[in-house]
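Enquirer: Prediction below, plus the sequence it came from.
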Amino acid sequence: MNRSDELIYRLQTASIPWSSHISEKKMFGGHCFLFKGKMCFGETKERLMVRVVADKMEATLAMPNVRPMDFTGKPIKEMVFVSAEGYNTEEKLQHFIELGIEHAQWKSTQ
């Protein structure tokens, strides 16, 4: 299993508590997870990508191994990339999954 497949498997496993609302889709050149149809987290090129509510972006970007998500050289609003060291434990991965779910839940109320 390569690193990308391993991360996808870990995301599938960690998102089981929300599985009745989670779907998966190829997006952003990778594998994305959607909560009630809203993209919340995923994998692309062995990186974790996560949507984060605006109020938590500053604190999230201050974390080690986190940077703004930028495909075109321009940051995408409320999205971050996390390198492997940033999700190397189940606790760290769970934190990012919960951030993504929170963003999707917040978007559902807009």
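Expert: Yep, it's here.
Enquirer: Quick one: mean pLDDT for the longest helix seen in the chain?
Expert: The single longest helix within the chain, with elements called by DSSP state H, is helix 90-108. The pLDDT scores in helix 90-108 average 92.
Enquirer: Kindly report the same for stretch 5-25.
Expert: Here the average pLDDT along stretch 5-25 is 95.
Enquirer: Count the neighbours of E91 for me.
Expert: Look at E91: counted by other C-beta atoms under 10 Å, it has 8 neighbours. Every residue, glycine included, has its C-beta placed from N, CA and C.
Enquirer: gap between it and I97?
Expert: Computed as C-beta to C-beta, to the nearest Å, the E91 to I97 distance reads 11 Å.
Enquirer: Spit out the contact partners of E6.
Expert: Applying C-beta atoms under 8 Å, 6 or more residues apart in numbering to E6 gives no contacts.
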